[in-house]
Structure formats: structure tokens, C-alpha cells
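Enquirer: Okay, here's the prediction I keep looking at, along with the sequence it came from:
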Amino acid sequence: MMKKTIIKMLMAVALVGTVASCSDDDKTTPRVNIDESTVTVDSKQPGKVVFHWTTPENADFYYIKVAYDDPVKGHRVLNASTYADSIMIDGLYAKYGDLTYTFTAVSRDGGEKALFTKTATAGYVPAVIKDFEVGPIDLTAAQLWTDDQESSEGPIANLVDGNNATYFHMSWSAPSPWPHYIRVDLGKKVKGVSFWYKGRNNANNDNPKRMTIFASNNAGDTPTAANAWEIGKLGSDVLPSGTAPEFTSEGLFSEEEFQYLWLQINEAYSGSNWIALAELSVKEMTRSKYDPENEPIK
């Protein structure tokens, strides 16, 4: 009886070993796989790497496994089905530099075939910039200046009188070539502004069509004389035409603080060498900037 029991135990152990051996050895190894020569990489999309390939005919792999080491998240694995011709890896940054991606074909029963490795750098992730309004800048007539005041009407003081029915008019009685200027003393130094204006309520379309915006810390008769620097350009794609139009600029910023804002008018919708505006106001702006590509890798 003891002898039979021992024999049965030995047979059972042998059977288990045989099953385990068959389980490891009999997994299917994919044979019809991606041709490495067809693989291309797109590294232009922000924070992404996209691999493309030609899907082989009669492919016998179940899926493609792509493994890589993320500097922050650690070892990562993504899968692409047998029908796919690309795989996208996102959540990356260009600052990670070249990462190595290992491609492996996997069969339905778990058999694997190591294919190749590829290196790639993700596309640069741009900074997130947000502009915020600090508040209006109170202006008086004494803070405004123009090189081209019409002598018979429309004093520049009308730009800040709070009355849309009055207006400032550049010289039409003795017109001179463009450009012409409205200079605003902000009364303090800032790094960012936004301005608003309302055009004159008449049918002449004496509205700015092209403008260049400058900043300076000196008062002069021209931006050049004031050692001013450019902080913006505005054209007909944003500047409005018509009767009494309103316009609000985006935030205009400078790395250096400035006290004077220059509106250089280069062309009017009317085709004349002057403009007419009813009101003008300025707000101080500030800007926040988060640049993930310049943050330390943690």
C-alpha cells in the first residue's frame, strides 16, 4: 500500500512539471510583425511623442507593447492593437530629453517577441500665460499730448471728459503725413496696460486702421526722441471701422517698467491723414506666466 502511494505521488509531481513546462514552452511567438524601417516619429506636438508605422498584412501579434521610463512617473507601458498604425505617448516634456521606447509584439496567449527600440524627445510644452486687470488709471487732460491737434475743433482734453458726444480731432485744416501720435503720461510706472477708445459718432470713418504702440520713460515729440520701445502692433484685423466704434486692446506688456504710452497712428480707414476719437481710457494690467519646461524635474 505504501509503495503504491509513493508511486502515485511521483507521477503527480512529474505531471505538474510536465504541465508547467508545456505552459512556458508552447506560447506563440509572433512572426509577422511591424517592420522597423516603416516606423516614423512625430515629436512636434506639445508634450507628446507619436510613433507611426505601416500595419503588416496578416499580422499574427495580438498587440504591440511599448515600454519606457518616465523621469517622474517611472516605468510605463502602453499598448496598441494589431490593427493600429500608431501610438501616442503624452504627459511628457521636452526637458526630459531623449527617452528610449522598447517595442514588443505580444501574441494572444502571452508570447512575446522583442522588436526594436526607438529614442525620441517630446514636443516643447508652451508656457501658460494669463493676463489680469489691476485697475483703471485715472487720466486728466494734462496727461495727454498729440503732435497733430486740429486748431479749430476737437481739443485732446475731450478724450477724457466722459462725454461720448465730444471728440478729439487731429489736424484736417493743415494735414501732414503719417505717422501721428497720442502720448499718455500714466502718472506712474507700470509693466502692462490695456487701452480702450470710442470713435467719433459721425459717418466719416475717421478711425485708426493701423497703429504701433510704444512705451517710454521719457516725454518727447516722437517715440524715437523719447527712446521708446515697441510693445504692440494693431491692424485692420482687430481695429474697428464705422460710426462710433469701440475697441479694447489686449494686454500690452514690457519687461521694463514704463510711464508713457504712445499710440502711433499709421493709417486711417477714411484714407485721410487724421483720426477723430470720442473717448480714451487706460487700465493697468499684470501677467502671470507658468513655464513647465523650466520647472525642475521632481
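Expert: Ah, there it is.
Enquirer: Find the residue at the geometric middle of this structure.
Expert: Nearest to the mean C-alpha position of the chain, by CA atoms, centre = their mean, lies residue 126 at 5.4 Å.
Enquirer: wait, what's in contact with that residue?
Expert: residue 46 (CB atoms under 8 Å, 6 or more residues apart in numbering). To be clear about C-beta, it is placed using only N, CA and C from the backbone, and glycine gets the same treatment.
Enquirer: Where do the strands of the stretch 1-150 of the chain begin and end?
Expert: With DSSP state E, counting those that start in this stretch, the ranges of strands along the stretch 1-150 of the chain come out as 40-42, 49-52, 63-70, 74-81, 86-89, 99-106, 112-120, 128-137, 144-146.
Enquirer: Nearest to residue 195, out of the ones you listed?
Expert: The closest of the strands of the stretch 1-150 of the chain to residue 195 is strand 128-137. By CB to CB, the value is 9.5 Å.
Enquirer: Neighbouring strands - and their directions - for the closest one?
Expert: Here strand 128-137 is paired, per DSSP bridges, with strand 276-290 (antiparallel).
Enquirer: what about the residue lying closest to residue 280 once chain neighbours are set aside, distance to residue 44?
Expert: Of all residues not flanking residue 280 in the chain, residue 159 sits nearest, at 4.1 Å (CB to CB, 6 or more residues apart in numbering). Computed as CB to CB, to the nearest Å, the residue 159 to residue 44 distance reads 47 Å.
Enquirer: now swap in residue 274 and tell me
Expert: Taking CB to CB, one finds residue 274 at 47 Å from residue 44.
Enquirer: ok, those two, which is more surrounded?
Expert: Counted by other CB atoms under 10 Å, residue 274 and residue 44 do not tie: residue 274 has more neighbours, with 21 against 11.
Enquirer: How about the contacts made by that one?
Expert: 148, 150, 169-172, 175, 180, 206, 268.
Enquirer: Put together TSV for these, with secondary structure on each row.
Expert: Shown next, in TSV, are the contacts of residue 274 (DSSP: H, G, I helix; E, B strand; the rest coil):
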residue	secondary structure
148	coil
150	coil
169	strand
170	strand
171	coil
172	coil
175	coil
180	strand
206	coil
268	strand
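Enquirer: Of those residues, which count as buried by neighbour count?
Expert: 148, 150, 169-172, 180, 206, 268 (16 or more other CB atoms under 10 Å).
Enquirer: Turn these into CSV, columns for distance to residue 229 and pLDDT.
Expert: Formatted as CSV, the buried ones among the contacts of residue 274 follow (distance: CB to CB, whole Å; pLDDT from 0 to 100):
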residue, distance to residue 229, pLDDT
148, 22, 98
150, 29, 98
169, 29, 98
170, 24, 98
171, 27, 98
172, 31, 98
180, 19, 98
206, 28, 97
268, 25, 98
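Enquirer: Which single one of those residues is nearest to residue 39?
Expert: residue 268 (57.1 Å).
Enquirer: my guess is that closest one meets residue 207, correct?
Expert: Yes. Using CB atoms under 8 Å, residue 268 makes contact with residue 207 at a distance of 6.6 Å.
Enquirer: Now do the shared contacts for those two.
Expert: What both residue 268 and residue 207 touch, as defined by CB under 8 Å, 6+ apart, is the set residue 275.
Enquirer: Now the two most distant members of the buried ones among the contacts of residue 274.
Expert: Across these (CB to CB), the longest gap, 13.6 Å, separates 150 and 268.
Enquirer: how near is the residue lying closest to residue 77 once chain neighbours are set aside to residue 78?
Expert: Spatial nearest neighbour of residue 77, chain neighbours left out: residue 67 (4.8 Å); criterion: CB to CB, 6+ apart. From residue 67 across to residue 78, the span is 8 Å (CB to CB).
Enquirer: Also residue 162?
Expert: 62 Å.
Enquirer: more neighbours, the two?
Expert: residue 78 (15 against 9).
Enquirer: can I assume that one is in contact with residue 90?
Expert: No. The criterion here is CB under 8 Å, and residue 78 misses it with residue 90 at 9.8 Å.
Enquirer: Lovely, talk soon.
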